[in-house]
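**Student:** I'd like to go over a predicted model; first the sequence, then the structure.
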Protein chains: 2
Amino acid sequence: MTITIKDIANKANVSITTVSRVLNNKKGGIGDETRKRILKIIEELDYSPDSIARSMKTKKTKSIGLIIPDIRNPYFPELVRGVEEVANKCKYNVLLYNTDGNKNKELESLRLIKENKVDGIIFTSSNPGTFNENNKYFIEKDSPIIFIDREPEIESYSGLFLNNEKAGYIATKHLIDLNHKNIGCITGPKQIQNSQQRLTGYKKALNDAGVDVNEDIILNGDYQMQGGYEAAKRLIENKAVTAIFALNDLMAFGVYKAAQEFDVQIPKELSVVGFDNLSFNELLTPKLTTIDQNVSNMGKVAAKLLLKKLGSGGGMQNKSIYLDPKLIIRESTTFYKIASSSFKLRRSKNFEKTSNI
Amino acid sequence: MTITIKDIANKANVSITTVSRVLNNKKGGIGDETRKRILKIIEELDYSPDSIARSMKTKKTKSIGLIIPDIRNPYFPELVRGVEEVANKCKYNVLLYNTDGNKNKELESLRLIKENKVDGIIFTSSNPGTFNENNKYFIEKDSPIIFIDREPEIESYSGLFLNNEKAGYIATKHLIDLNHKNIGCITGPKQIQNSQQRLTGYKKALNDAGVDVNEDIILNGDYQMQGGYEAAKRLIENKAVTAIFALNDLMAFGVYKAAQEFDVQIPKELSVVGFDNLSFNELLTPKLTTIDQNVSNMGKVAAKLLLKKLGSGGGMQNKSIYLDPKLIIRESTTFYKIASSSFKLRRSKNFEKTSNI
DNA sequence: TTGTAAGCGTTATCAT
DNA sequence: ATGATAACGCTTACAA
C-alpha cells in the first residue's frame, strides 16, 4: 500500500491541509509543535508526496524536455550535463529526446508540452523549418521553449546562439596572422545555418585581409569525421593549401587522419583549426587549435533562461542571447614558411612504408 | 484555455465516458457513427489528453528513468540511444540522470520511483553498495529496476551484464596466440567490479597457457585516458612488455599517446588491446583491436527487459541476462617476433626530435 | 493556527 | 451503446 498525505494527517491527528502546509513550507499559520510532529511522522513513514497528484493541481511537472539531434555526437553530452546541472539544482527533471534531425520526431516531441509532461523545452534542431508560422505545433509568443544554436522560422522566440560568424572570422584571422594565404575550409551540411555563418566569417576575414576567396578550396563536409577526412584528402592531394579550417572538430579529426596517411606533418606542413573544442582534443597529437563554444556553459545558460521564463509565469519578454566564441590556440597551427611545404614528394615514400606494414 | 475531454464531450453531445472510450480504443460498446464523430472533433480541436491526469488514475507515467554515471563517458551515449529507441517505440519517455558515481545522487534518483515520476528504472552504477539490504531505498523483490553492468548487493534483482571474465580471457588469449608472453594489463578503479572480473579473465588465460602472472606489469588505471597514459608510460619505460591489455578503450587511447610520445610503433613493437569498442576507435591509427560490448544493443535489451517487467504487472520473476563479449581484431595487435622489440634505443633519438619542434 | 471542501482531467464502476 | 459518478492524491480558497 502506498502511503499518502492522508495517512500522515491521520497519524498526526491533523487535517491534510495542515500536512500539505508543512510539506510546502508555508510560512505563517503553523504551530511549531505541530510542524515538528508532522515532520517526524513523515520521516518515520518515509513518506514522499506523489508528484503526479501534485502536478495535477499545480499544472507544473518540474520537468523539462531536452531535444537534441543525437547524443552520440560528442557535442551534446556536454550540453546535456550543463542543462541537467542547473535543472537538478532547481529540482527539475530532464526528459531527453534524440531526433536524428528527423522533422517528424521533432514535432512529435513537442507533444510533450501539450500533454503537460514538461514545463518547458530546450530545443536544438538540425532541421530548418520544424518551427515555422504554418506549423500545427506553432509555438505562441510566450511558449516555454529555448532554441539553441539554430534560429526557428517564427517571429518571436527565446534562444541561445553562438556568434558563429565571428567565430569563423577569428579562426581564419588567426591563420592569416600566421602568414597563411591558402586556407582551405571544410564546411558542414549546406542546410545547416551555423555552417553558413561560419563560412561567412571565414570569407569576411579573408576579404578584410585582402586575400582572395578561392572557392576551389572550400569543400563541403558533413560535420562527420569521414567527410573531413575525404575533403582533407582532396585538399592535400592537390597540394592546394597550407592550412585547413574545419568547421567542426569531428571533421578536423578527419583532417588529422588524412594528414597522417599522407605523412603530412601538423603543424609544420599543415596548420589545422577546428571548431567546438570537444574534450577528445586531448587525444590528438598535436593538440588541436579550435574554437571553444563552451558547450557546457551553453547548457547551463539555456537552462537558466528556461527556468527564469518558467518562474516568471509567462510574463517574460522573449529574448535571445548571443554568446561569443573563443579561439583556443594550441599546437596544430604554426607560422607558415614557404620552404616547409613540400610534402608532395615525401608522400610517395610514405606509400611504400605503409604498404609493407 | 486548455481543452479537455469535457469540451470534446460537449461538442459531440456525448458523455465524457464515451469520449474516454474512443480515446482508449475500447473494443465493444461504441457506435461506429459516434466514434467517427468524436474522432473528427478531436482532430478539429487538436485535442490531446493530459497525460498527468491520466497518470493520476492509472498510476503509470509511461516514463522510465535512466541513471548513469556520466553521459560524457563515451560508453553511455550508445547505451542511451539503445534504451531510448525501444522506449520511444513503446511510447515511453526517458528521464536521464547523471550521478557521477555519487552515492547520494544515486539514491536521490530512486526517489523518482517513489514519487511516481517513472514506471521503472534502468540503473548503471559505478558505486558499490548503493543497493544493499540495509538501504532505506531498498528495492523489493519485484521492483521495476534493471541493473546494468554492476550487480547490486541485494538478494534478488533483474539485470543485464557482460560476461567480463570471458572478455578478459579472450582478449588475453588473442595476445597469447600472437606469441606474446609479457602482456601488461592496465585495470580500472579497484572498486569497480567489472574491472576485477576482466582482470580475472586475463590471469586465467595466462594460467591456462602456462604463462606466469607477473604482478609487476599489472598496473592500476582509472578508466580514463590519463591513467592509461601514465600506466603505459611506466610499462614502456621499463621495457617490460610486448603487449598491453587496457581494460577499457579510453585507457587504450592513453596507451597510444604514450607510445607515440616514446616513438614506439603499434603494433610492430607493441600490441594493444582495448575494451568497449567505442566509435572513436575509427579515429585511431592503427585501428584498435578491442572487445565489443555492443553497448547500443545492451541498451535495447535492458529497455525490453524493463518494459516486459512493467507489462507483466509485477508478476515476473527476477532474472539476469549475461551477454557474451566479442573480440574485434583490427590493426593494433600483431605477431610478436623477438627482434622487433628494441624500442628503448630509438626512444632517445625521439626525444631530440620532439624537443626541437 | 487549523479544518472543510472543491477541483485538477482522467479512468473505471455500475447503471440504464 | 451510452451516461452518471466516484476516485486518484494533492493544493488552495474560504471558513472557523
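**Tutor:** Great, that's in hand.

**Student:** A:Lys257 touches B:Leu283, doesn't it?
**Tutor:** Yes - if you go by C-beta atoms under 8 Å, A:Lys257 and B:Leu283 touch, sitting 7.1 Å apart. Bear in mind the C-beta positions are built from the backbone N, C-alpha and C, glycine included.

**Student:** quick check: neighbours shared by these two?
**Tutor:** A:Met225 (C-beta atoms under 8 Å, 6 or more residues apart in numbering or on different chains).

**Student:** show me what the helix or strand encompassing A:Glu230 is packed up against.
**Tutor:** A:Glu230 belongs to helix A:225-237 when elements are defined using DSSP states H and E. On a contact count with 3 or more C-beta pairs under 8 Å, 6 or more residues apart in numbering or on different chains; DSSP states H and E, helix A:225-237 meets strand A:183-187, strand A:218-220, strand A:243-246, helix A:249-261.

**Student:** most tightly packed of these?
**Tutor:** strand A:243-246 (a mean of 31; mean count of other C-beta atoms under 10 Å in any protein chain shown).

**Student:** who's in contact with that strand?
**Tutor:** Contacts of strand A:243-246 (C-beta under 8 Å, 6+ apart): A:168, A:171-172, A:175, A:178, A:180, A:182-186, A:202, A:221, A:228, A:232, A:235, A:252, A:254-255, A:270-275, A:333, A:336.

**Student:** can you select the buried ones from these in PyMOL?
**Tutor:** Those of the contacts of strand A:243-246 that count as buried under 16 or more other C-beta atoms under 10 Å in any protein chain shown are selected in PyMOL with:
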select buried, chain A and resi 168+171+172+175+178+180+182+183+184+185+186+202+221+228+232+235+252+254+255+270+271+272+273+274+275+333+336
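
**Student:** near chain B, which residues of the stretch 51-200 of chain A? Just list them.
**Tutor:** Neighbours of chain B within the stretch 51-200 of chain A, by C-beta under 8 Å from any C-beta of the partner chain: A:51-53, A:55-56, A:61, A:63, A:70-72, A:74, A:76-78, A:80-81, A:84, A:93-98, A:111-112, A:114-117, A:136.

**Student:** so which of those reach DNA strand D?
**Tutor:** Restricting these to those adjacent to DNA strand D (criterion: C-beta under 7 Å from any atom of the strand) gives A:Ala53, A:Met56.

**Student:** now, which of the residues of the stretch 51-200 of chain A next to chain B lie within helices?
**Tutor:** Among these, the members found in helices (DSSP state H) are A:51-53, A:55-56, A:76-78, A:80-81, A:84, A:111-112, A:114.

**Student:** can you tell me the SS state at A:Arg330?
**Tutor:** Three-state assignment for A:Arg330 (DSSP: H, G, I helix; E, B strand; the rest coil): coil.

**Student:** any idea how far it lies from A:Asp292?
**Tutor:** From A:Arg330 over to A:Asp292 the distance is 11 Å, taken as C-beta to C-beta, to the nearest Å.

**Student:** and stretch A:21-39, is it in reach of DNA strand D?
**Tutor:** Yes - using C-beta under 7 Å from any atom of the strand, we find that stretch A:21-39 touches DNA strand D at A:Arg21, A:Leu23, A:Asn24.

**Student:** right, and the first one touches A:Gly29 too?
**Tutor:** Looking back up the chat, that one is A:Arg21. Yes - using C-beta under 8 Å, A:Arg21 is in contact with A:Gly29, at 6.9 Å.

**Student:** how about the residues of the stretch 201-350 of chain A near chain B?
**Tutor:** A:Met225, A:Phe253, A:Lys257, A:Gln260, A:Glu261, A:Lys268, A:Ser279, A:Phe280, A:Glu282, A:Leu283, A:Thr285.

**Student:** quickly check these for the two that are furthest apart.
**Tutor:** Spatially, the most separated pair among these is A:Lys268 and A:Ser279, at 25.6 Å (C-beta to C-beta).

**Student:** measure stretch A:310-317 end to end?
**Tutor:** End-to-end span of stretch A:310-317 (C-alpha to C-alpha, to the nearest Å): 12 Å.

**Student:** enumerate the positions of it that are buried.
**Tutor:** For stretch A:310-317, by 16+ other C-beta under 10 Å, it's A:Leu310.

**Student:** same question, stretch A:90-98
**Tutor:** Within stretch A:90-98, the residues that count as buried by 16+ other C-beta under 10 Å are A:Tyr92, A:Asn93, A:Val94, A:Leu95, A:Leu96, A:Tyr97, A:Asn98.

**Student:** beta partners for the closest residue to DNA strand C within the stretch 151-300 of chain A?
**Tutor:** Of the stretch 151-300 of chain A, the residue with the smallest distance to DNA strand C, taken as C-beta to the nearest atom of the strand, is A:Ser158 at 25.4 Å. Note on A:Ser158: beta-bridge partners A:Ile146, judged by DSSP bridges.

**Student:** please save the CA atoms from stretch A:224-237 in PDB.
**Tutor:** Extracted in PDB, the C-alpha atoms of stretch A:224-237 (Å, rounded to 0.1, in the frame of the first residue of the first chain):
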ATOM      1  CA  GLN A 224      31.400  13.900 -39.500                       C
ATOM      2  CA  MET A 225      34.900  12.600 -39.400                       C
ATOM      3  CA  GLN A 226      34.600  10.800 -42.600                       C
ATOM      4  CA  GLY A 227      33.600  14.000 -44.500                       C
ATOM      5  CA  GLY A 228      36.500  15.800 -43.000                       C
ATOM      6  CA  TYR A 229      38.800  13.000 -44.000                       C
ATOM      7  CA  GLU A 230      37.700  13.000 -47.600                       C
ATOM      8  CA  ALA A 231      37.800  16.700 -48.100                       C
ATOM      9  CA  ALA A 232      41.200  16.900 -46.500                       C
ATOM     10  CA  LYS A 233      42.500  14.200 -48.800                       C
ATOM     11  CA  ARG A 234      41.500  16.200 -51.800                       C
ATOM     12  CA  LEU A 235      43.000  19.300 -50.400                       C
ATOM     13  CA  ILE A 236      46.200  17.500 -49.600                       C
ATOM     14  CA  GLU A 237      46.400  15.700 -52.900                       C
END
